[in-house]
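**Student:** model this:
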Amino acid sequence: SEGPSESRSPSSEDESVNAAAGGSEKNFGTFSLELPEEWVVKSNVIYADDSESARIIAEAASVDPIPDTESPFLVYDQTYSDALTVSECRFGDHPAKRYHLQKEVSEGGLTGYQNSIVYCIEAGSDMIVITFYPMRGVGISGQREEFEKILESIQV
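**Tutor:** So this is what the prediction gives:
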C-alpha cells in the first residue's frame, strides 16, 4: 500500500533534491526513498534498470530493532570493524554511519577489489541498513555522493 506520490515533506531543500533526481518514490515497508526513474526495485534490491543483466546498485539489507539506544551504532561498529573508513553522517533528519568495506576478489585470473558501502540510518527505535555497491573502474567518491543524495530523500 503505497501512499500518494505527490506527498512531500514541507522542506524545500528536500524537494529540490527530489526534483533534481527526476525520480519516483519507492516504498521499502518501513521507509521510502526517491529513486531515479530508470532504477528498478525487486525484493529490496535496487537495480540500474529492468534488464536481465542489470547492475545491482544497492540493497535495503534489513531494518533492525536498536538494542541499545545509548549507543545505537555499537553493534555495527563491531560487525564492520574491518571497514576501511567509518564516517558519521545524516540523511534527512536521521543520524547515520557509513562503513566503507573492501574485499579482494579474483575473477578470470585477475585480482581486484570489490567495494561496498554500508549505511546504517537511525530511524526511531530501528536501524535501517542499506548496502551500496559502487561500479568498479569508476571513481567511488562521485558515485557515493550521488547515492547519498538519494539517501537524503529518506522518509520513515
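
**Student:** what sits against Tyr113?
**Tutor:** Residues near Tyr113 by CB atoms under 8 Å, 6 or more residues apart in numbering: 102-105. Glycine gets a C-beta too; all of them are placed from N, C-alpha and C.

**Student:** quick one: it from Phe147, how far?
**Tutor:** To Phe147, Tyr113 is 18 Å away according to CB to CB, to the nearest Å.

**Student:** skipping adjacent residues, who's closest to the residue most central in space within the chain in space?
**Tutor:** For the chain, the residue nearest the mean C-alpha position is Ile130 (4.2 Å; CA atoms, centre = their mean). Distance criterion CB to CB, 6 or more residues apart in numbering; nearest residue to Ile130, sequence neighbours excluded, is Tyr119 at 4.6 Å.

**Student:** list the beta-bridge partners for that neighbour.
**Tutor:** Assessed by DSSP bridges, Tyr119 has beta-bridge partners Arg98, Ile130.

**Student:** right, and it touches Met127 too?
**Tutor:** No: checked against CB atoms under 8 Å, the pair Tyr119 and Met127 is beyond contact range at 10.0 Å.

**Student:** contacts for the helix ranked longest in the chain next, please.
**Tutor:** Scanning the chain for the longest helix, with DSSP state H as the assignment, gives helix 140-151. Residues outside helix 140-151 that contact it (CB under 8 Å, 6+ apart) are 17, 20-21, 23, 33-36, 57-58, 89, 91-92, 96, 115, 117, 119, 121, 130, 132, 134-135.

**Student:** I appreciate the help and will end here.
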